[in-house]
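# what's the 3D shape of this:
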Amino acid sequence: MEDNDIVSSVESRHRKEKKELQAHIQALKKTAKNDKSKKKELTAEIARLEAEQDSRHKEELEAVQKQLDGIVDNNIIEHVEQGDTSTTDEVAKTRVSKAQKRRDKKMQQEKEREEQIKQQEKENIHGPRNKEIQAINAKLKQRNLKIFSIPSDGDCLYKAVAHQLSLKRQQNFSIEELRNKVADYIKENKHDFIPFMSNSETYEMLTDQEFEEYCEKIRSTKVWGGQIEIRALSSSLKCPINIIQASGPETIEQGKEFVGDPLILAYHRHMYKLGEHYNSTCLNENEDVEDD
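Below you'll find the model as predicted:
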């Protein structure tokens, strides 16, 4: 099978799996149609399912590319051992060309993502996103706060917490450090967390291996963070975290047993089509609330 055929086959399977997941999500939504508490749990579960699938697809494509690179390397070695230098340069150029194609493809994907976000901004001027931001802004204004925008890249929860820590506690943590803290804390307190964690396909409680994989994804990928990760952040950092949202309880409080000013984040369900999103907050010194 040609290299392009191998990659196309994997991408085709990924498209099929994405369609299957969306069909599954629609079925789940129907079951929770009239149950508000179940809807909230389902929203977080759907975000986790999508993030896990995206992460797995990315890992599989990277593995395929590494395998193809290995094939090219073996071809070069074989030609050199046989004393056939006439094709060595050609094979090497092929490798460089493929590497460049991967870089170009990645750049194109990033560009498409940015365009998707810009398009979403235009579509939601009078849509759910705008109404949600207005509701959150109104609640923040009562606290003399405003939204501090965080990029939507899978690390938004951790970046929002890092911003709050630097702002309120003069503590500087990298995203990697925060992810490691969360992964370590969940592993060390497995029996407190695992009852609230389930397999995305069977909905059964995670096996020991699945639990280890879940923690490793927190540590080494950009998998989205939710309620479990917020709880782990609050406990590992020993500080309260308050989540402001447009609908449902005005404030979700985590870590009330800890002292000090809480870290205050804004939770958006309709920020982007790419998934749910967390922003940080800051003082509204000029009483001009951001709309971004």
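
# Next SSE downstream of the worst-scoring helix or strand of the chain on mean pLDDT?
One helix or strand of the chain scores below all others by mean pLDDT, DSSP states H and E: helix 88-123, with a mean of 69. Next helix or strand after helix 88-123 toward the C-terminus (DSSP states H and E): helix 128-141.

# what pLDDT, on average, does that next one get?
Averaging pLDDT along helix 128-141 yields 87.

# just the CA coordinates of the helix or strand following it, formatted as PDB?
Following helix 128-141 in sequence order, the next helix or strand is strand 145-148 (DSSP H and E). Output of strand 145-148 as PDB, limited to C-alpha atoms (Å, rounded to 0.1, in the frame of the first residue of the first chain):
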ATOM      1  CA  LEU A 145     -14.700  41.700  37.800                       C
ATOM      2  CA  LYS A 146     -14.500  41.200  34.000                       C
ATOM      3  CA  ILE A 147     -13.500  38.400  31.700                       C
ATOM      4  CA  PHE A 148      -9.800  37.800  31.000                       C
END
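
# Which other helices and strands does strand 145-148 contact?
Counting contacts by 3 or more Cβ pairs under 8 Å, 6 or more residues apart in numbering; DSSP states H and E, strand 145-148 is packed against helix 128-141, strand 275-283. C-betas here are computed from N, CA, C, even on glycine.

# Which strands or helices does the first one pack on?
Read that as helix 128-141. Using 3+ Cβ pairs under 8 Å, 6+ apart, the elements in contact with helix 128-141 are strand 145-148, strand 241-245, strand 263-272.

# out of those, nearest to residue 171?
Across the helices and strands packed on helix 128-141, residue 171 has its closest neighbour in strand 263-272 (10.5 Å, Cβ to Cβ).

# can you list the weak-confidence ranges in the stretch 101-250 of the chain?
The stretch 101-250 of the chain contains residues with pLDDT under 70 at 117, 119-127.

# now residue 145: how far from residue 285?
As judged by Cβ to Cβ, to the nearest Å, residue 145 and residue 285 stand 10 Å apart.

# neighbour count winner among these two?
When residue 145 and residue 285 are compared on other Cβ atoms under 10 Å, the one with more neighbours turns out to be residue 145, at 20 against 8.

# list the contacts for that one?
By Cβ atoms under 8 Å, 6 or more residues apart in numbering, the contact set of residue 145 is 264, 281-284.

# same question, residue 60
10, 14.

# Show me what the strand or helix carrying residue 7 is packed against.
Assigned by DSSP H and E, residue 7 belongs to helix 3-31. Counting contacts by 3+ Cβ pairs under 8 Å, 6+ apart, helix 3-31 packs against helix 36-81.

# what mean pLDDT does the helix it packs on have?
The model assigns helix 36-81 a mean pLDDT of 73.

# Packing partners of the helix or strand where residue 158 lies?
Assessed by DSSP H and E, residue 158 sits inside helix 156-168. Applying 3+ Cβ pairs under 8 Å, 6+ apart, one finds that helix 156-168 contacts helix 175-188, helix 227-237, strand 263-272, strand 275-283.

# repeat that for 6 Å
Helices and strands touching helix 156-168, by 3 or more Cβ pairs under 6 Å, 6 or more residues apart in numbering; DSSP states H and E, are strand 275-283.

# So for the strand it packs on, what gets flagged as buried?
Buried residues in strand 275-283, counted by 16 or more other Cβ atoms under 10 Å: 275-282.

# Now render the contacts of residue 145 as JSON lines, adding pLDDT.
Shown next, in JSON lines, are the contacts of residue 145 (pLDDT from 0 to 100):
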{"residue": "264", "pLDDT": "97"}
{"residue": "281", "pLDDT": "96"}
{"residue": "282", "pLDDT": "96"}
{"residue": "283", "pLDDT": "93"}
{"residue": "284", "pLDDT": "86"}
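
# Kind regards, and thank you for your time.
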